[in-house]
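> The following comprises the amino acid sequence and a computationally predicted model.
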Amino acid sequence: MVSVINTVDTSHEDMIHDAQMDYYGTRLATCSSDRSVKIFDVRNGGQILIADLRGHEGPVWQVAWAHPMYGNILASCSYDRKVIIWKEENGTWEKTYEYTGHDSSVNSVCWAPHDYGLILACGSSDGAISLLGYTGDGQWEVKKISNAHTIGCNAVSWAPAVVPGSLIEQPSGQKPNYIKRFASGGCDNLVKIWKEEDGQWKEEQKLEAHSDWVRDVAWAPSIGLPTSTMASCSQDGRVFIWTCDDASGNSWSPKLLHKFNDVVWHVSWSITANILAVSGGDNKVTLWKESVDGLWVCISDVNKGQGAVSAITEGQQNEQ
Amino acid sequence: MKLKEIDRTAIQAWSPAQHHPIYLATGTSAQQLDATFSTSASLEMFELDLSDPSLDMKSCATFSSSHRYHKLIWGPHRMASDSSLSGVLIAGGENGNVILYEPAKIIAGDSEVIIAQKDKHTGPVRALDVNIFQTNLVASGANESEIYIWDLNNFATPMTPGAKTQPLEDISCISWNKQVQHILASASPSGRATVWDLRKNEPIIKVSDHSNRMHCSGLAWHPDVATQMVLASEDDKLPVIQMWDLRFASSPFRVLENHTRGVLTIAWSMADSELLLSCGKDAKIVCSNPNTGEVLYELPTNTQWCFDVQWCPRNPAVLSAASFDGRISIYSIMGGSTEGLRQKQVDKLSSSFGNLDPFGTGQPLPPLQLPQQTTPQSSVLPLKKPPKWIRRPVGASFSFGGKLVTFENTKSQQQQGAEQPPHHHVYVSQVVTEKEFLSRSNQLQEAVQSEGFVSYCQKKMDVAQTDFEKNVWAFLKVNFEEDSRVKYLELLGYRKDDLGKKITSALNKESLADDKQEEAPKEYDQSVQNDSEDSHATEEQFLGESTKENKQETEDLTSAKETFNIFVNGDVDGLITQALLTGNFESAVNLCLHDNRMADAIILAIAGGQELLSKTQKKYFAKMQSKITRLITAVVTKNWKEIVQSCDLQNWREALAAVLTYARPDEFAALCDLLGTRLENEGDSLLQTQACLCYICAGNVEKLVSCWTKAQDASSPLSLQDLIEKVVILRKAVHLTQAVDPNAVGALLAEKMSQYANLLAAQGSIAAALAFLPANTSQINIVQLRDRLCQAHGELPVGPEAPKSPYERRSMPKGRVGPAAGQMPLPQVPAQQYYQQGDNPPPPGFIMPSQQSPSPGYNMYSQIGALSTYPQTYQPTQQYSFGTGGPALYQPQQPAVPPASTSYPNPSPNPPYMPSACPHSMPSPLYPAQPQPSPTSLNPGASFPLPSTGASFQHGRPGAPATSATYALPTGPTGTLPATSELPASQRTENQLTQDQASVLQGPQNGWNDPPALNRVAKKKKMPDNFMPPVPITSPIMNPLTDPQSQMQQPPTSAPPAAQAAFQPSHLPLGQPVLQNPFQPIQQPLGQSIMPPAVSKPSTEGAPGAPIGNTMQLVQSLPTEKITKKPIPDEHLILKTTFEALIQRCLLSATDPQTKRKLDDANKRLEFLYDRLREQTLSPTIINGLHSIAKSIETRNYTEGLNIHTHIVSTSNFSETSAFMPVLKVVLTQANKLGV
């Protein structure tokens, strides 16, 4: 069942472009073409406006919550070419950093796994991807990947910090030598995987499957399995599930989840990485789940937050 | 921003939107010549490859054409999804011809690329358009008002839209309506536009500016609004774009005047109707919003005019522009850096020097350094207004707890009177996909909460689909029943009653046979070994005296009275006889063994004492090799390990049965374990599942988990549920029967439990997830999950109106830059000092235990660098929360008092959870602030090494991480000493607060913070069986305290009184011994039967052969027996009184201390005799003799007594009488001497 437990009237004066819950699922951040970012306390089905953040001079495309260990921090990106990092100070939200290093609309922001520190990846229509890393004392270090995607990067998504499959063997307290990776999708129809080597960001993979703009990429949370999984969606209506089994991260293979009749704007994994929410241009949200035989099955059509969930046959659940 | 360049003087056509990849077709322009005056013509195909960062456009194919072109369009007619069919490229030629090309063939390099061509027009074809609804319809326009409609399916005969307009004029533009398929518009340089209705086959309206100065160079229908169109004027005097609405066609309703000279061409974006491109003789390419007239963008162009501009249909941000300087440029309107462009210029300059590598070094010349351009020039700004296609209208994102956040923007036409502003709603939905999983989880929780384990197991058995599943549940159920071992046996197929019946019937059958047979051996004996009868009798006399219960007793008694001869011949019998006569039992036994007289040997060995017996048994077993010998061996020697280790695994059932019957409680679990391990390691999947049963018997949760995981795939929610159900129930059982810390969770189990909690959380069952999450593990991921769940749970006991609650404080203390100074530093990450500017102690923003701290510290996310600055005093206090490890540190103060029991009636077993997030987790500071209801409660001052002034608790230094919310209270420079009496007034409030929290803690909150084993244990079964897997975080001292710990976590309703009782000072003297037996503190207060410490080694346990029904009961009753000795039977009491009276008399008359000492000693040693009397183990002959002695004492005839004594000693078994007979002799002798 998909049932609405809270309908938040955002009072935005124009289109909403993103809505994200914080780490705990207690606060909701929204952003809109009305150039504002709003934060609501939505605990217990309520909706208390905590902040109405003004600072962008264009439509705000995305918001991203930093991990709470860094405090209450929200990043937003806008058509005004700016990335703004907001921070709650003494109960009020203020701008703590503004990045203006892009020449065009900044379409996507995504915080790195908290294990790496405060690092924000920003994808822009100028084709570049910026990585803003906090170095202390209010300073941010910027690394820029120029021409990551010609005529525009539409989405960035970090790989989880856990090396796939290492969850169980990993001795407690001993962190493996993580390799920072993230995926990006752009107007060049490509999904790319970037990897940090010696402090430099390098293109590791160039994944071709889409025939039109890649609208979104979403790296699935790690659940300890030895497979890395990503989803990408495109203007061409296709959603692909990418998987990579080898530890070196070199052999990604796509599987077509579905071909929709309209643009697919957004893909989002559930925390347990077993359900994918797909948002299409026909204002449809669908939920997908992989069946035991590896097929992706639509289990729900969500309309205005409501929907039924159809069971997928998962074979013999209780076989001995 | 410029993306690509093609150095051609050509007109262009983009491949249709459906086509992938994107191509640009160029055709040599009819009205231009380049500097070579070449008149050759060609069609070229270029691919737009955006992954190539260079400015070069990849040329795919060139087709030499005999025509030069005025107009080129690429229609999607006859297109296939694969690239085999790629639509139709339609060209308008200078000789009035319309030519259809097949682009796929051009690309393939085919020579036959023309599909069809017609030269129907009389003049150059300047205007072409494809109907977007019926892509086979193409309109063309030429001189003399000629307009033809071509059907590509029937190309031979074109239609006309109606009669030619008069006066005849050139058709410069033609365009199909974008909304209504049968509407067509044409325009001519004269400035007039005509709208045709093909259904009526006539012009329906003429659009004309009255100024008559319009020179129509462009015509375009509104992409969205059927009645609107724009006309562009080429006239330098009127360089305008007029916007017309046919509903009011007398004059343009908007005029765009963005060009200073005539507009050469326009293009309206199909992807966004607010984007209209126009280029003019002022060399500008302007993008404006025709709906408002606003200029959105001006492309950076050079000084050359552009005569053709086209939006790329597929990639809406891309456009191409052909300029008179012989170049086609591809631009993006999204802005960006022009670095690429500059690079191309550099390359060109370099190449103009002829050779990139003039010195043949293999290296090109270093690139020229162009003078740095100013920033505004090098980067190109995007459109002022975001194009429609990047405005995401819909979204759905998952968040923690299975919530889905969705929004959708219903397409509302802004223009058409938005009477009611659309509501911009965001929906937060709960996604539940695993209904069965949830309902089963709920059932499990209900069972745990109501303690209805038996019925739960029964239900599970009823619905079980496989025998194995049923078995498992049956085994689990037995855990909660009386006589669990018997029940286990029954489950294994060994029903005691049945067996009894079977045996009885078997015996009855045999008894007849026996009676007959019994004679035979005797006769055999007599006949074959005719001299053995007497020795046989002799032996039997021994036997009769030693084993009263021997069934041959009656026989013995009779035979004992018979006289017999003692043979001392040289044969075996004789040797045995001799050995016996000399008391050399060992030799006698050896002789018997040698002679294969097993029964004799064993019987003799029994007389010869325990050591000899066991030796003999060994030898016997070594010799005998019958099928059941090993079982007998094990039964007799109690060596169950041997059985378990070496039995055939197919016989695991029998081995388990044996263990269930015989094993001592303290080894029982280990044996089951061992058996389970063997089964598990066998690799046979069937045996592996059976191993689970063994682990259930053993109560070994951790192994059950690992075995189960091996045998079953527990990845799907339901199979995980399968496992967790069992584990939870087993843990409850183990908790009932064994002294284990209910919160102790092994790594694997913790892993599974947290997986389970994650799943529950993902289905929105946050509370349930919290309940199942292991409480006291320091595994970082679990601690993090707990924090997350706690926060997400939302129903924290403190409302938002209580600003002092830890929850609110968490958010942000005043005057601080960062919420978590010292918390946030990351190892190796320079972000470390981010929020460290603050002078104050950090708020408890994100404080969690860290696995790096030796004591499970609190700062979950931070590394512990800063933690060292933290007063050590707190470490122990914190550890209370962990249930183990902590209390030990208190031993110096209160050695025998398990701390925390009285003053910590906090039912919350989830201590590792961060203190700040949730008040439940503030164990240590709460301590003294707790109401202390009992006089026996600990004095906070005495029991905690807390300084009495706040000074030493200062946390004011920067960067000191707060380990608990209370410490971090921003109450000023003084730290918080939480003892109420000693608090300064300013801190009372805080203390009050903690009390409040404490009271909150005591509230009925079990739902969410209970550990998997939900602690509602009212009783414990007695099983001094302390076998359990090692508790992860414990130090050796801790184990004894585990139980008080669990006690501590019982709900306050029942626990506090009990707990207080348990720790009554009266127990203090017991000190360490108490700690040896973890049960004592529990059992007593709970009114269970008192068990002396010795119980844990039940010596009676081993009685071999006794098919013990319920070992546990035995364990319980036997010790009691031992302590309160049985009375001496009445008929023998006289012996005791007589002997004691005699000794008293002797003592009275004895004078020398040596004698007195002797008598005292004798008095004590006679206790052995009395014990024998109590046990009634003395043979009748001895008893009779003793009575005779007593009689003689009464008559003071001591000499007679001594005679009787001598007779007894000479006739009885030495081992039987040696303990007391010599003493009795001493007494008699003394009495005789003293004459008392």
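Yep, it's here.

> quick one: B:Ala669 from chain A, how far?
According to Cβ to the nearest Cβ, to the nearest Å, B:Ala669 stands 26 Å off from chain A. Yep, even glycine has a C-beta here, placed from its N, CA and C like the rest.

> Would you tell me what the next helix or strand after the helix or strand hosting that residue is?
Secondary structure from DSSP states H and E places B:Ala669 in helix B:665-681. Remark: after helix B:665-681, the chain's next helix or strand is helix B:685-698, criterion DSSP H and E.

> what angle do the next helix or strand along the chain from that next one and helix B:685-698 make?
For helix B:685-698, the following helix or strand on the C-terminal side (DSSP H and E) is helix B:701-711. Using axes from the mean of the first three to the mean of the last three Cα atoms, to 10 degrees, the direction of helix B:701-711 lies 170 degrees away from that of helix B:685-698.

> Please enumerate the helices of the stretch 151-300 of chain A.
Ranges of helices in the stretch 151-300 of chain A, per DSSP state H, counting those that start in this stretch: none exist.

> near chain B, which residues of it show up?
Proximity of the stretch 151-300 of chain A to chain B (Cβ under 8 Å from any Cβ of the partner chain) is limited to residues A:151-152, A:154, A:168, A:172-173, A:175, A:187-190, A:206, A:211-213, A:215, A:236, A:265-266, A:268-272, A:274-275, A:277-281, A:283-285, A:287, A:289, A:299-300.

> tell me the contacts of residue 237?
Assuming you mean chain A. With contact set as Cβ atoms under 8 Å, 6 or more residues apart in numbering or on different chains, A:Gly237 has these partners: A:259-264, A:280.

> The intended chain is chain B.
With contact set as Cβ under 8 Å, 6+ apart, B:Lys237 has these partners: B:Arg213.

> For B:Glu1194, see how far away it is.
159 Å (Cβ to Cβ, to the nearest Å).

> ditto for A:Val60
115 Å.

> quick one: pLDDT of the one residue in chain A that gets nearest to chain B?
Here chain A gets closest to chain B at one residue, A:Gly305, 2.8 Å apart by Cβ to the nearest Cβ. Here the pLDDT value assigned to A:Gly305 is 81.

> The nearest residue to it once chain neighbours are set aside: neighbour count?
Leaving aside its chain neighbours, A:Gly305 sits nearest to B:Tyr427 (2.8 Å; criterion: Cβ to Cβ, 6 or more residues apart in numbering or on different chains). Applying other Cβ atoms under 10 Å in any protein chain shown, we find 24 residues neighbouring B:Tyr427.

> which ones are touching A:Gly305?
A:2-4, A:7, B:404, B:406, B:427-429.

> Relative to A:Asp245, how far out is it?
A:Gly305 sits 36 Å away from A:Asp245, going by Cβ to Cβ.

> Please apply the same query to B:Thr122.
Going from B:Thr122 to A:Asp245 by Cβ to Cβ gives 67 Å.

> out of these two, which sits in the more crowded spot?
A count of neighbours by other Cβ under 10 Å puts A:Asp245 above the other of B:Thr122 and A:Asp245, at 14 against 11.

> need the next SSE after whichever strand or helix holds B:Leu770, C-terminal direction.
Using DSSP H and E, B:Leu770 sits in helix B:766-772. Once the chain leaves helix B:766-772, the next helix or strand it forms, by DSSP H and E, is helix B:780-793.

> Give the buried residues for the strand or helix carrying B:Lys1233.
Secondary-structure element containing B:Lys1233, defined by DSSP H and E: helix B:1221-1234. Within helix B:1221-1234, the residues that qualify as buried are B:1221, B:1223-1228, B:1230-1232, B:1234, counting by 16 or more other Cβ atoms under 10 Å in any protein chain shown.

> which helices and strands sit right next to that helix?
Counting contacts by 3 or more Cβ pairs under 8 Å, 6 or more residues apart in numbering or on different chains; DSSP states H and E, helix B:1221-1234 packs against helix B:1130-1149, helix B:1153-1165, helix B:1167-1175, helix B:1180-1194, helix B:1198-1211.

> first to last residue in stretch A:15-33, what's the distance?
Counting by Cα to Cα, to the nearest Å, you get 5 Å between the two ends of stretch A:15-33.

> What of stretch B:1174-1183?
Taking Cα to Cα as the measure, stretch B:1174-1183 stretches 12 Å from start to finish.

> so what's residue 185 bridging to?
No chain was given, so I picked chain A. Note on A:Gly185: beta-bridge partners by DSSP bridges are A:Ala155, A:Val191.

> Actually, chain B is the one I wanted.
B:Ser175, B:Val195.

> Was I right to think it contacts B:Leu198?
No: B:Ala185 lies out of contact with B:Leu198 (Cβ atoms under 8 Å); the separation is 11.6 Å.
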